[in-house]
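Undergrad: have a look; sequence and predicted model below, questions after that.
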Amino acid sequence: LPLESLQSGGAGPLYLKLRQSLEEAILSGKLNHGDALPAERDLADYANVSRVTVRKAVDDLVRDGLLVRRHGSGTFVVRPVSRVEQSLSRLTSFTEDMARRGLNTRAEWLERGLFHPSPDEMMTLGLPADALVARLGRLRIADDMPLAIERACVSAEFVPDPLAVTSSLYSALEKSQARPVRAVQRISACNIKNPDATMLGVAVGAAGLSIERVSYLASGRVVEFTRSLYRGDTYDFVAELTIPE
Ligand code: 16G
């Protein structure tokens, strides 16, 4: 690592210079994705700076998603997911989308259970006041990179046992013959606030896409009302346009 010259070269706080050297090492491939970062003490000795300086530089890179801390095992270089290009005209599931790209998905559950619907959910799903809904709130992660926070709401008829949904919601719906065939999706820009920013590993205020999907069965009945927050720095939504008749 080209850290020897930190003390001498240029003005500015040391931790920023260290941050920049580490970032360059990551981007140039000197530090490979998945590599463990040397221990804080070793880095401090090597770069001839204090451990506080090392910690600040590393904190910065963790916040920006280049490094990840794993409890008990150290700090690692994150494999960058190049931008995800997502079609706006195909009704697919997150799990399928990522599998097609060869990425493994996992979820951190934020909420999973049966609830009385909020007025919003009741109206959108067209449910009577005494109905129950399954809420499935997840941080969605592909190959260790958190990409989105999704909060799905479906009638309990279709997902009577939310705890049995361990991976894909759409495959659970398929099992109850209720996989949607059509959806309306609304996308708007937002700034990501906490706690979402921390979960997604982005800076507070970073650009996000807030997406609402209402999906339907062939009968016209609403199946799903999902509110999602996607990272603006990783997603490109692409639609094909045609000239109106
Ligand atoms: C997508 C959908 C979401 C749906 C989920 C099902 C968007 C913005 N959202 O992420 O509405 O609930 O797929 O994925 O595309 P799953 O079957 O992997 O749970």
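TA: Arrived safely. Residues are numbered from 1 along each chain as shown.
Undergrad: okay, CA-based contacts and neighbour counts for the rest of this
TA: Noted.
Undergrad: would you map the helices across this structure?
TA: With DSSP state H as the definition, the chain shows helices at residue ranges 14-27, 40-47, 51-63, 94-100, 119-125, 169-175, 196-200.
Undergrad: which sections of this structure are below the confidence cut-off?
TA: Scanning the chain for pLDDT under 70 picks out 1-11, 79-81.
Undergrad: circling back: any chance of the helices of the chain in JSON lines, plus distance to the ligand and mean neighbour count?
TA: Listed next are the helices of the chain as JSON lines, based on distance: least, CA to the nearest ligand atom, whole Å; neighbours: other CA atoms under 10 Å:
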{"stretch": "helix 14-27", "distance to the ligand": "29", "mean neighbour count": "19"}
{"stretch": "helix 40-47", "distance to the ligand": "38", "mean neighbour count": "16"}
{"stretch": "helix 51-63", "distance to the ligand": "24", "mean neighbour count": "18"}
{"stretch": "helix 94-100", "distance to the ligand": "4", "mean neighbour count": "15"}
{"stretch": "helix 119-125", "distance to the ligand": "14", "mean neighbour count": "15"}
{"stretch": "helix 169-175", "distance to the ligand": "4", "mean neighbour count": "17"}
{"stretch": "helix 196-200", "distance to the ligand": "15", "mean neighbour count": "18"}
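Undergrad: tally up the residues packed near the residue nearest to K193 when sequence neighbours are not counted, please.
TA: Counting by CA to CA, 6 or more residues apart in numbering, V204 is the residue found nearest to K193 once chain neighbours are left out, at 5.3 Å. Neighbours of V204 under the rule other CA atoms under 10 Å: 16.
Undergrad: my read is that V204 contacts A197, right?
TA: Yes - counting by CA atoms under 8 Å, A197 is a contact partner of V204 at 5.4 Å.
Undergrad: about what we covered before: with distance to S82 as extra columns, can I get the helices of the chain in JSON lines?
TA: Output for those, formatted as JSON lines (distance: least, CA to CA, whole Å):
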{"stretch": "helix 14-27", "distance to S82": "13"}
{"stretch": "helix 40-47", "distance to S82": "28"}
{"stretch": "helix 51-63", "distance to S82": "17"}
{"stretch": "helix 94-100", "distance to S82": "12"}
{"stretch": "helix 119-125", "distance to S82": "34"}
{"stretch": "helix 169-175", "distance to S82": "25"}
{"stretch": "helix 196-200", "distance to S82": "16"}
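Undergrad: identify the residues contacting the residue nearest to V84 when sequence neighbours are not counted.
TA: Spatial nearest neighbour of V84, excluding adjacent residues (CA to CA, 6+ apart): Y235 at 4.9 Å. Going by CA atoms under 8 Å, 6 or more residues apart in numbering, Y235 touches R83, V84, E85, Q86.
Undergrad: quick check: the two most widely separated of those residues?
TA: R83 and Q86 (9.4 Å; CA to CA).
Undergrad: list the contacts for the residue nearest in space to the middle of the chain?
TA: The centroid of the chain falls nearest to L147 when counting by CA atoms, centre = their mean (1.9 Å). Residues in contact with L147 (CA under 8 Å, 6+ apart) are L139, R140, I141, L200, Y230, R231, T234.
Undergrad: near the ligand, which residues of the protein are found?
TA: Residues of the chain that fall close to the ligand, judged by CA under 6 Å from any ligand atom: S93, F94, T95, A152, S168, L169, Y170, S171, I211, R213, T226.
Undergrad: tell me how many other residues surround the fourth one.
TA: Spelled out, that is A152. Around A152 there are 22 residues (other CA under 10 Å).
Undergrad: so which of the helices of the chain comes closest to L217?
TA: Nearest to L217, of all those, is helix 169-175, at 10.6 Å by CA to CA.
Undergrad: now do that closest one: distance to the chain's middle.
TA: Centroid separation for helix 169-175 versus its chain: 21 Å, with CA atoms, centre = their mean, to the nearest Å.
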